[in-house]
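# Next comes the sequence, and after it the predicted model I'd like to discuss.
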Amino acid sequence: MFQKIAFLILFLCSAISFSQNTISLKGKIIDKNTSIPLESATIYLKSVKDSTLIDYTISDKNGNFTIKTKKNENAILFKISYIGYNDYSEKIENLKADKDFGSIRLEENVSSLKEVVIQSEAPPVTIKNDTLEFNASSFKVRPDANVEALLKQLPGVEIDEEGKITVNGKEVNNILVNGKPFFGKDGKIATQNLPAEIISKVQVTDTKTKEEELSGQDATSDEKTINLTIQEDKNKGVFGKANVGYGTEERYESSMLFNYFKDTQKISVLGSSNNVNSIGFSMDEIFDNMGGGRNRSIWVNDNGSFGINGMQFGGNNGITTSNMIGVNFADEWAKKKINPNGSYYYSNAETNNNNRTNRINLLPTGNTNTLAESKTKSITDGHNIAMDFEIKLDSTATLYISPSFSKSEIKNKNTGFDATFDGTGAALNENTSDNNWSSQNNSFKNNIYFYKGLKKKGRGISASLNNENSKNDSDLITKTTTTFFQSGNTDDDRNQFRIDNSKDDSFRAEIGYNEPLKDSITLNFETSYSYKKSRDVRETYDFDNGLNSYSNYNDLLSNDIISSTSSVTPMVGISLRKKKIRGSISMGTEIINFNNQSTYLSNKTAVNKNYMYPKMNGYLSITLGKSKSFYTYYSYEVNLPSANQILPFENLANPLNTVIGNADLKPNERYSLYTNFNNYDYATKSGFYAYAGGNYNVNQIASSTTYDSDFKATTTYQNIDRAYNTYVGFSLNKSVKKEKRTFKYGVGLQLGYNYDQGLTNAELFESKGLTLNPRANMSWSIDEMITISPSYRYTYITNDFTNYIIDNTKNFKHSAKIEITSYWPKKVVLGSDFGYNYNSNIADGFQKDFYLWNLSLGYNFFQDKLLAKVKVYDVLNQNISTTRTITPTAITDMENTVLQQYAMFSLTYKLEKFGGKKKEGGIMIID
């Protein structure tokens, strides 16, 4: 208690002292001739002595501005910048008292209007049309900081604990380097590996498809793209990092990223090898590739597998040993008429996992309980090649080609046991399994797009052809024993060899024409044809003891399924493009031919359907201010059932669940709506983002399952009346920077509701789920000394059921974390990540909470080119992986293998060798 009181007194004293040491500068910026207020002009203060940026703001819609800054005894330059106007500059001998500049009149820059190049100082931020541009040199970061550290300094840019980047609340889904992908559009390799010191500009624009980009259309997406431009003097040279580490429990890591840049030509090579559940390219200066710390270079699936740029490592939870090598290439050929870009990856991973599951199966009368344990070993090998070529045929025509190829091989060995009991504890069934599965997959994708602009501005024709072809061949040796305790049915013993061959081909062709009706209105015509065909052939052979081989063909477990879909969709739309309002609406008709055929027990069954449905989508974006906007999107689409869902034959592959299709299934119709509002105030460096949306499904396809007395299931599919989900949320963030001290905070809340229906034992059930997810985070830092970042997230889930023996189930989770990074004393880097997780209502025998604490201590030497580190993962040796999942049909508690305590010593080498002369930095223009 005494410590808390002392801290509060210290905090209040600091706040009072700070308020007494600040002054306020204010005024109004107007046009010299018309006296019209100039919104979003840049006002900034620089030191006369060394040109250091002290503080900045922008003017509001009335031209007013206020800067609250610390008193300063030294001479200061007070500057104003606005696109199309002459800069304003005034020398102030010192900052000792508040000052009101009154109305400051800016004079129009006639020379700039005549397109004469005027050399002027670059401001920190420029807002021009749809592009937000940050001048990297205006935002101070450590000399060895990566791009992610730079992004964290930019106003309106947030990076959450999962590595998701948002700008003014809108998610960034595409990161480019000099306008080109860098090891894929994911961009995580670029943000976590490229040094911040080579970046000249950070440009933020609306994410466009290649079709929208080449045709000059507005983006229909509300997501953002970040383009990192390289400094001219850093665009020639070599740079990179290499890391190697070894620790206790035979843990190791190594990674390397080497870059060669020469003007437009860029070649990058990366490689990694580790057994600490990492891709190996985070290159985090604190924890390198250590998971559970700040390793955000990967995505993680619900099943625990992880990957990057579409490549998957591991297939389950567990401990993964992975290896990867990759090459990325970008250039401009033929006087910039051809822009090639490509990458290649080879990946290898081995995952080992032990799983323990406790599942409550929800039924109308009496629940059952399934207990399961399994052990899995999975090995994957993969090759990925991706390329794209943008070819400018002439000044009005462009051809874009983007082929990609992937080849993978997976080997999986799984042993397991599960048993199911009724509410009294009586055994219903049990199953043991021993499976060896291998798979080879090849796929080829290609996108070809052509656009030609015609004489009239906005008029153009386009054509595209897309294809995706894949082939998968797999074989399985399975040995299972299933025992039934209640019905007296014969036990099911299998020793079989199964061969599955799958082939999928899809093609889509589209032609379009745009006709401008006015400068701001365009009529769009589009017709597309698509064709999809798949074939799945399964052959099963029983083991013949006499021949000691899998030679007895089992026709009950063999089948051949063919499915094809062709559709023609003519569409007409209109788009609006004004300064503050843009949007479009497209409507048409989708004519579908859906054919399915199965061959089972020498009988052929065909289900052929013809459909005609409307198709519609549209969006509206309204700019309410320089950084304030409203966006909404609506779509209607139809999803067809799969061949297995619609073909009425028995699939007996699972001894505990027989699946039968339903030929009377109707397509699922989905209505989707999304809307958001965002507002970022650069003057106060605070942002607000609110969003809401949902999906409404008609004729949703749901499983209909019945159980016998042994809890053996028979599943078919039915259309249900309706199912829907809605969500609403907001986030608020603010940043306060005074000299070397920066304080940031953010709060957010998301509320979700879903309604589902289904059939169990011929009873229609309803599930109504509510999820509440508030969160908060803070960050306090002193430049080049220390950063302290606490965060907290609470998740509350409640489900109400109808026609179940239980009416409701609830669960909540706490997740708290504090990250501390210290760069003091000089050359020493200390990192501490401490987290706590709590999961309520988890079943007995599963641990509800755990602490995860990671520590790292590093030292820079050899002119800061070498960094030696000692890291400890899971200091308290408490890390676990337990989860609770609630669905309309089950409550599942699960535990998987996780990494536990180890210590590691690592060494990182930094290479930088650039050519050219260093350019002078500068500082915000807003248009």
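In hand now; what should we look at? What you see is a predicted model; the values in this text were computed from it and never measured.
# Isn't F905 up against A868?
Yes. Between F905 and A868 a contact is recorded at 7.5 Å, counting by Cβ atoms under 8 Å. To be clear about C-beta, it is placed using only N, CA and C from the backbone, and glycine gets the same treatment.
# just checking, next helix/strand downstream of the helix or strand harbouring E213?
Using DSSP states H and E, the element containing E213 is helix 210-215. Using DSSP H and E, the helix or strand that follows helix 210-215 in sequence is strand 224-230.
# Direction included, what does that following strand pair against?
Pairing partners of strand 224-230, with direction, according to DSSP bridges: strand 170-177 (parallel), strand 199-206 (antiparallel).
# Just put the ones you listed in JSON lines and tack on mean neighbour count.
JSON lines is the format used below for the strands paired with strand 224-230 (neighbours: other Cβ atoms under 10 Å):
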{"stretch": "strand 170-177", "mean neighbour count": "20"}
{"stretch": "strand 199-206", "mean neighbour count": "20"}
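# closest to N94 out of these?
Closest approach to N94 among these is made by strand 199-206 (33.0 Å; Cβ to Cβ).
# quick one: low-confidence parts of the stretch 1-150 of the chain?
Applying pLDDT under 70 to the stretch 1-150 of the chain flags residues 1-20, 111-121, 129.
# those strands in it, which residues are they?
Using DSSP state E, counting those that start in this stretch, the strands found in the stretch 1-150 of the chain span residues 22-31, 42-47, 53-58, 64-70, 76-81, 88-92, 99-106, 125-128, 131-135.
# Point out the other helices and strands that the shortest one packs with.
Same thing as strand 125-128. The contact analysis (3 or more Cβ pairs under 8 Å, 6 or more residues apart in numbering; DSSP states H and E) places strand 125-128 against strand 131-135.
# Restrict the helix holding E213 to CA atoms and write it as CSV.
Only the C-alpha atoms of helix 210-215 are listed here, as CSV (Å, rounded to 0.1, in the frame of the first residue of the first chain):
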residue,chain,number,x,y,z
LYS,A,210,-4.0,-4.9,-59.9
GLU,A,211,-7.1,-4.3,-62.0
GLU,A,212,-8.0,-1.2,-60.1
GLU,A,213,-4.4,0.0,-60.1
LEU,A,214,-3.8,-0.3,-63.9
SER,A,215,-7.2,1.0,-64.9
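# Okay, buried residues for that helix please.
Within helix 210-215, the residues that count as buried by 16 or more other Cβ atoms under 10 Å are K210, E211, E213, L214, S215.
# and which of those residues is nearest N896?
Using Cβ to Cβ, K210 comes nearest to N896 of the buried residues of helix 210-215, at 39.8 Å.
# Contacts only, for that closest one.
K210 makes contact with Y400, S402, N447, Y449, according to Cβ atoms under 8 Å, 6 or more residues apart in numbering.
# Export the residues you listed as TSV, with columns for pLDDT, distance to E590 and secondary structure.
Listed next are the contacts of K210 as TSV, based on pLDDT from 0 to 100; distance: Cβ to Cβ, whole Å; DSSP: H, G, I helix; E, B strand; the rest coil:
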residue	pLDDT	distance to E590	secondary structure
Y400	95	26	strand
S402	95	25	strand
N447	96	21	strand
Y449	96	22	strand
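# need the residues you listed in a markdown table with distance to L428 and neighbour count, can you?
Converted to a markdown table, the contacts of K210 look like this (distance: Cβ to Cβ, whole Å; neighbours: other Cβ atoms under 10 Å):
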| residue | distance to L428 | neighbour count |
| --- | --- | --- |
| Y400 | 58 | 19 |
| S402 | 53 | 18 |
| N447 | 51 | 18 |
| Y449 | 57 | 22 |
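# can you tell me which of those lies nearest to V828?
Once Cβ to Cβ is applied, the member of those that ends up nearest V828 is S402, at 46.7 Å.
# shouldn't that closest one be in contact with N446?
Yes. S402 is in contact with N446 according to Cβ under 8 Å; the separation is 6.9 Å.
# T821 versus S856, what's the distance?
Distance of S856 to T821, computed by Cβ to Cβ, to the nearest Å: 9 Å.
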